[in-house]
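Novice: all I have is the shape, not the residue letters:
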């Protein structure tokens, strides 16, 4: 086969190594699972300790704690190593969201507190928030009409 | 008078020489294949500076100073600067030069900046317009990451085709000299785009540019790959250099064991470096350390240095553009 501009992309795709899917899935599953187990453990400890709070309040406290842990591990320089190993396993849970806010904040601090830290803080999390809010709004609207007509 | 061979290969009659070189790399590069050949390895890649951009400038400043010291031993000094880096608007080179009070030609050609600088410098020395021109380039993993990819602490996975930006700088001083390695011919590359849009797969994007320049050179000079002790590309990486081998074999100019790539070899033996190194400092640091030593000790007598550059920007990538690439060729003799 003569490799030319016409068939180059096909040729490169064949030559390029792919991500090892099964192994990546296993790593993501195990690490993601452990993070969720930590969350569950916190939930149960909080339920026993702060019995006066409602379930919703307890859930918020658990999320807050996980965000704190994710942010701290990012600041200490561990979360990027965890992410390189686990991929989506550490990116999807709320700790990953904390990492995606704290890491640009740390990185762009050198451009100042306003145009650096504060404005660059949401370069990765921003789109998630925007489409998350729009998405939940749309779902709410659909739910409202179904409820009204149903 | 120097002349043009074939269509575009410039033959330099006065044979400018590389009279001094210097190189500096970060600790990761220092642990790689060429570790003991670099002139300086720094443990702290932030160089005690407030930002990685300042550290990058410091690296460039140090290689230029180191090269200048070698010239001063013979009562000479650098008269002019040519070079560049990867940061937007070439700030490392311009900011480094602001204290040096020397004429500067800032060059941007991504990872092929060293070969483009050598080409311009060699033509100036050959024409007798200037002597002792320092060609210097730099790149820094941490400043490149924040410009092109993600924050350093962001927990993401790199795709297996990706390369690692070299933290390092290299400087080659061109002059008349006496018996140092000389630049014989130059082929200026053209922009080639075979349609790769994945900014992680720069080796695949640049391989056709290297192929195009090499083919022009071989046609212009009636030579073949076997005529050289070494054919060295810049940072095609493991994947890209494999692709170049296939492209050249396909065109009946197969590359033998004399073909090497700086990026594919710089991290040899280190884990998690994917397809190898890249960046303006990659070919510059390897060429001005190990390769220059091989030339001066006559272990390599005749070689081609073909650094390649991917001429993309973050804007062009986000707008879905494919990646144009370029490769400039320098023929050297010991």
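Specialist: Looks like it arrived, so ask away. Predicted, not measured: the structure shown is a model, and the values here were computed from it.

Novice: and chain A, which residues reach chain B?
Specialist: A:1-3, A:5, A:8-9, A:11-12, A:15-19, A:24, A:74-75, A:77, A:79-84, A:86-87, A:90-91, A:96, A:99-100, A:102-104, A:106-108, A:110, A:124 (Cβ under 8 Å from any Cβ of the partner chain). C-betas here are computed from N, CA, C, even on glycine.

Novice: show the buried residues in these.
Specialist: Using 16 or more other Cβ atoms under 10 Å in any protein chain shown as the burial test, the residues of chain A next to chain B include A:3, A:8-9, A:11-12, A:15-16, A:24, A:74, A:79-80, A:82-83, A:86-87, A:90-91, A:96, A:99-100, A:102-104, A:106-108, A:124 as buried.

Novice: what values do phi and psi take at residue A:66?
Specialist: Note on residue A:66: its backbone torsions stand at phi -60, psi -40 [degrees, to the nearest 10].

Novice: I misspoke; the intended subject was residue B:52.
Specialist: Dihedral angles (degrees, to the nearest 10) for residue B:52: phi -70, psi -30.

Novice: now do the same for residue B:6: its pLDDT.
Specialist: Confidence at residue B:6, expressed as pLDDT, is 89.

Novice: can you give me the neighbour number for it?
Specialist: Close neighbours of residue B:6, defined as other Cβ atoms under 10 Å in any protein chain shown, add up to 14.

Novice: close enough to count as contact, it and residue B:221?
Specialist: Yes - with contacts counted by Cβ atoms under 8 Å, residue B:6 reaches residue B:221, the gap being 6.8 Å.

Novice: what's the closest non-adjacent residue to residue A:11?
Specialist: Counting by Cβ to Cβ, 6 or more residues apart in numbering or on different chains, residue A:3 is the residue found nearest to residue A:11 once chain neighbours are left out, at 5.2 Å.

Novice: quick check on that neighbour: phi, psi?
Specialist: Dihedral angles of residue A:3 (phi, psi; degrees, to the nearest 10) stand at phi -90, psi 120.

Novice: quick one, phi/psi of the residue in the stretch 151-300 of chain B that chain A sits nearest to?
Specialist: Proximity of the stretch 151-300 of chain B to chain A (Cβ to the nearest Cβ) peaks at residue B:155, 2.0 Å away. Reported as degrees, to the nearest 10, the phi and psi values for residue B:155 are phi -80, psi 70.

Novice: burial count for it?
Specialist: Residues lying near residue B:155 (other Cβ under 10 Å) number 27.

Novice: show me what contacts it?
Specialist: A:74, A:79-84, A:86, A:90-91, A:96, A:99, A:103 (Cβ atoms under 8 Å, 6 or more residues apart in numbering or on different chains).

Novice: not counting sequence-adjacent ones, nearest residue to it?
Specialist: Spatial nearest neighbour of residue B:155, excluding adjacent residues (Cβ to Cβ, 6+ apart): residue A:83 at 2.0 Å.

Novice: same question for residue B:164.
Specialist: Of all residues beyond its chain neighbours, the one nearest residue B:164 is residue B:273 (5.2 Å), with distances taken as Cβ to Cβ, 6+ apart.

Novice: count of neighbours near that neighbour?
Specialist: Applying other Cβ under 10 Å, we find 21 residues neighbouring residue B:273.

Novice: isn't it right next to residue B:265, touching?
Specialist: No - counting by Cβ under 8 Å, residue B:265 is not a contact partner of residue B:273; they are 10.7 Å apart.

Novice: thinking again about what came up before, how close does the residue nearest to residue B:155 get to residue A:55?
Specialist: Relative to residue A:55, residue A:83 is positioned 31 Å away (Cβ to Cβ, to the nearest Å).

Novice: following element in sequence after the helix or strand residue B:18 falls within, please.
Specialist: Element membership for residue B:18 (DSSP states H and E) is strand B:17-25. Counting by DSSP H and E, the next helix or strand C-terminal to strand B:17-25 is helix B:27-30.

Novice: so which elements touch the next helix or strand after that following helix?
Specialist: Following helix B:27-30 in sequence order, the next helix or strand is strand B:40-41 (DSSP H and E). Contact partners of strand B:40-41 among helices and strands, from 3 or more Cβ pairs under 8 Å, 6 or more residues apart in numbering or on different chains; DSSP states H and E: strand B:17-25, helix B:27-30.

Novice: after strand B:40-41, which helix or strand is next?
Specialist: helix B:52-72.

Novice: flag the shaky bits of the chain, pLDDT-wise.
Specialist: By default, I'm working from chain A. For chain A, residues meeting the criterion pLDDT under 70 lie at A:1.

Novice: chain B was what I was after
Specialist: Looking along chain B with the criterion set at pLDDT under 70, you get B:1.

Novice: in chain A, where's the longest helix?
Specialist: helix A:21-49 (DSSP state H).

Novice: contacts only, for residue B:253.
Specialist: Neighbours of residue B:253 in contact, by Cβ under 8 Å, 6+ apart: B:214, B:215, B:218, B:224, B:225.

Novice: which residues in the chain form helices?
Specialist: Since you didn't name a chain, this refers to chain A. Under DSSP H, chain A gives helices at A:8-15, A:21-49, A:55-75, A:79-86, A:88-91, A:94-107, A:119-120, A:125-149.

Novice: not quite, I wanted chain B
Specialist: B:27-30, B:52-72, B:91-97, B:113-126, B:141-148, B:202-221, B:237-250, B:262-266, B:280-286, B:292-296, B:314-318.

Novice: just checking, what packs against the second one?
Specialist: Packing contacts for helix B:52-72, counted by 3+ Cβ pairs under 8 Å, 6+ apart, involve strand B:17-25, helix B:91-97, strand B:133-139, helix B:141-148, strand B:168-175.

Novice: want to throw these into a markdown table with mean neighbour count and distance to chain A?
Specialist: Formatted as a markdown table, the helices and strands packed on helix B:52-72 follow (neighbours: other Cβ atoms under 10 Å in any protein chain shown; distance: least, Cβ to the nearest Cβ, whole Å):
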| stretch | mean neighbour count | distance to chain A |
| --- | --- | --- |
| strand B:17-25 | 27 | 22 |
| helix B:91-97 | 22 | 13 |
| strand B:133-139 | 32 | 18 |
| helix B:141-148 | 20 | 6 |
| strand B:168-175 | 32 | 21 |
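
Novice: is it possible to export these to CSV including distance to residue A:36?
Specialist: Listed next are the helices and strands packed on helix B:52-72 as CSV, based on distance: least, Cβ to Cβ, whole Å:
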stretch, distance to residue A:36
strand B:17-25, 42
helix B:91-97, 44
strand B:133-139, 40
helix B:141-148, 30
strand B:168-175, 42
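
Novice: residues near residue 14, how many?
Specialist: Picked chain A for this. Residue A:14 has 7 nearby residues by other Cβ under 10 Å.

Novice: ah, no, chain B please
Specialist: 15.

Novice: do residue B:54 as well
Specialist: So residue B:54, with other Cβ under 10 Å, has 17 neighbours.

Novice: quick one: residues contacting it.
Specialist: Residue B:54 neighbours (Cβ under 8 Å, 6+ apart): residue B:47.

Novice: equivalent analysis for residue B:123, please.
Specialist: So residue B:123 contacts B:10, B:12, B:186 (Cβ under 8 Å, 6+ apart).

Novice: give me the nearest residue to the one residue in the stretch 1-150 of chain B that gets nearest to chain A, chain neighbours excluded.
Specialist: Evaluated by Cβ to the nearest Cβ, the stretch 1-150 of chain B has residue B:51 as its residue closest to chain A, separated by 4.5 Å. Excluding the flanking residues, the one nearest residue B:51 by Cβ to Cβ, 6+ apart is residue A:110, at 4.5 Å.
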